[in-house]
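Peer 1: how does the following fold in three dimensions:
(one chain, ligands or ions: 1)
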Amino acid sequence: MKASASTLFRGSRNFRTLGEWLNHAVALYDQHGLAVGQVASSPHDEALYLLLRTLDLPLESPASVLRRKLTPEQTDQIKDVLAKRILDRTPAAYLTREAFLGEYRFYVDERTIIPRSYFLEIIPGQLDDWLPKDLRPKRVVDVCTGSGCLAVLLAHHFPETKVDAIDLSADALAVAQINVEAHGLEDRLRLFESDVFDSVPRARYDVILSNPPYEPSAHVDAMPLEYHREPRMSLDGGKDGLVIIRKLLAQARERLQPHGIVMIEVGGLREAMDKEFAALDLHWLHTHDGADCVCVIHAQRLRAARI
Ligand SMILES: C[S@@+](CC[C@H](N)C(=O)[O-])C[C@H]1O[C@@H](n2cnc3c(N)ncnc32)[C@H](O)[C@@H]1O
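Peer 2: Residues are numbered from 1 along each chain as shown. Reported below is the predicted structural model:
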């Protein structure tokens with residue numbers, strides 16, 4: 001039987017507090033098999049986030065907020081947002097129109113993928129180790145920028161550096177523009193609509209960074225509904241997932257400074273990458289959860305391998 005809003009909220013008439021609604025929401029996430037992972041790692045954390053945001057309460061509220069009694073209007077707001085999340089499978093970030101990477105907040109909507117990337121860990125923690133000591137990068141680029149989130153992280157990490165950001169989707173770039181302005185980076189961060197580097201004016205970069213679409217098409221077909229709410233071109237890397245990565249690596253050599261590096265996040269493609277690009281001797285960066293799916297390649301290596 002297909003669920004309706006009335007079946008979702010059966011038995012909720014006596015709920016008075018935010019905590020009761022949170023418990024109910026978590027149970028509904030479970031019953032309806034909702035996929036989390038776009039904004040939080042558990043149904044509890046996502047539902048708490050969604051309810052606090054819906055009621056305009058601070059995300060860092062103390063636990064006592066759960067004892068808060070709700071007004072009838074607040075109860076209606078919660079029912080409304082849970083119906084959209086559960087019945088329409090709208091991702092939480094599209095309902096709240098925001099997503100966080102660490103401390104940084106980004107505007108998002110259905111025109112772009114919801115930010116989630118290991119570069120949140122790698123940019124502040126490891127990127128500098130791969131550049132010549134004391135180098136102040138002049139120019140870096142984020143290829144496949146989506147909401148612009150990683151370009152913005154790069155701009156914050158390198159406060160004097162010019163940052164370019166590329167995406168093939170004009171829709172995604174419209175969202176990126178909102179984020180560039182929200183972070184006050186209009187003077188330093190340029191957006192380009194381009195198929196990888198095809199339409200980007202010639203320039204040599206100290207860092208080429210990319211979190212490209214890398215899922216094999218058949219994987220995307222099998223993903224939970226929430227992921228089908230995101231633009232398919234954000235996820236789909238072609239039959240074997242490698243289509244955009246191949247193009248990026250083929251163009252990277254001509255775009256790098258002699259001391260430059262490429263860093264690419266590749267999801268589950270590590271083995272396929274090691275096989276196809278054995279000549280590049282890829283180095284995989286360690287990340288806290290052991291995913292280790294971001295590789296780094298020096299410009300010299302690209303040149304030596306004639307890629
Ligand atoms: C996985 S998303 C990453 C977005 C963002 N960097 C992030 O980490 O949230 C990949 C992005 O690549 C863009 N894209 C897909 N094909 C492209 C291409 N051929 N050239 C440039 N960008 C492309 C998509 O529009 C999407 O925004």
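Peer 1: contacts, neighbours, all on C-alpha from now
Peer 2: OK.
Peer 1: got the phi/psi numbers for the residue of the stretch 1-150 of the chain at minimum distance from the ligand?
Peer 2: The ligand sits closest to residue 146 of the stretch 1-150 of the chain, with a gap of 3.2 Å, by C-alpha to the nearest ligand atom. Dihedral pair for residue 146: phi 60, psi -120, per degrees, to the nearest 10.
Peer 1: the spatially closest residue to it that is not a sequence neighbour and residue 247, how far apart?
Peer 2: Spatial nearest neighbour of residue 146, chain neighbours left out: residue 172 (5.1 Å); criterion: C-alpha to C-alpha, 6 or more residues apart in numbering. Residue 172 sits 20 Å away from residue 247, going by C-alpha to C-alpha, to the nearest Å.
Peer 1: please, which helix or strand holds residue 220?
Peer 2: Take DSSP states H and E as the rule and residue 220 turns out to sit in helix 217-221.
Peer 1: that helix and the ligand, are they touching?
Peer 2: No - using C-alpha under 6 Å from any ligand atom, helix 217-221 stays clear of the ligand, coming no nearer than 12.0 Å.
Peer 1: any buried residues in whatever helix or strand residue 244 lives in, and which?
Peer 2: Assigned by DSSP H and E, residue 244 falls within helix 243-252. By 16 or more other C-alpha atoms under 10 Å, the buried positions in helix 243-252 come out as 243, 244, 245, 248, 249, 252.
Peer 1: how about exporting the following helix or strand past that helix as CSV, limited to the C-alpha atoms?
Peer 2: Per DSSP H and E, the first helix or strand lying C-terminal to helix 243-252 is strand 256-265. Coordinates of each C-alpha in strand 256-265 appear next as CSV, following Å, rounded to 0.1, in the frame of the first residue of the first chain:
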residue,chain,number,x,y,z
LEU,A,256,50.0,22.5,-15.0
GLN,A,257,53.0,24.4,-13.8
PRO,A,258,56.2,22.2,-13.8
HIS,A,259,55.9,21.8,-10.0
GLY,A,260,52.1,21.4,-10.2
ILE,A,261,49.9,18.6,-9.0
VAL,A,262,46.5,17.0,-9.9
MET,A,263,44.3,15.6,-7.1
ILE,A,264,41.2,13.6,-8.1
GLU,A,265,38.6,11.9,-5.9
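Peer 1: next, count neighbours for the nearest residue to residue 98 once chain neighbours are set aside.
Peer 2: Take residue 98 and drop its neighbours on the chain: the residue closest to it by C-alpha to C-alpha, 6+ apart is residue 107, 4.6 Å away. Using other C-alpha atoms under 10 Å, residue 107 has 23 other residues around it.
Peer 1: same check on residue 13?
Peer 2: As a measure of burial, residue 13 has 8 neighbours, counting by other C-alpha under 10 Å.
Peer 1: work out for me the element it sits within.
Peer 2: Assigned by DSSP H and E, residue 13 belongs to neither a helix nor a strand.
Peer 1: equivalent analysis for residue 29, please.
Peer 2: Using DSSP H and E, residue 29 sits in helix 18-31.
Peer 1: buried ones in that helix?
Peer 2: Buried, per 16+ other C-alpha under 10 Å, within helix 18-31: 18, 19, 20, 21, 22, 24, 25, 26, 28, 29.
Peer 1: which residues touch the fifth one?
Peer 2: In this structure, residue 22 makes contact with 44, 47, 48, 51, judged by C-alpha atoms under 8 Å, 6 or more residues apart in numbering.
Peer 1: isn't residue 230 up against residue 94?
Peer 2: No - judged on C-alpha atoms under 8 Å, residue 230 makes no contact with residue 94 at a distance of 9.4 Å.
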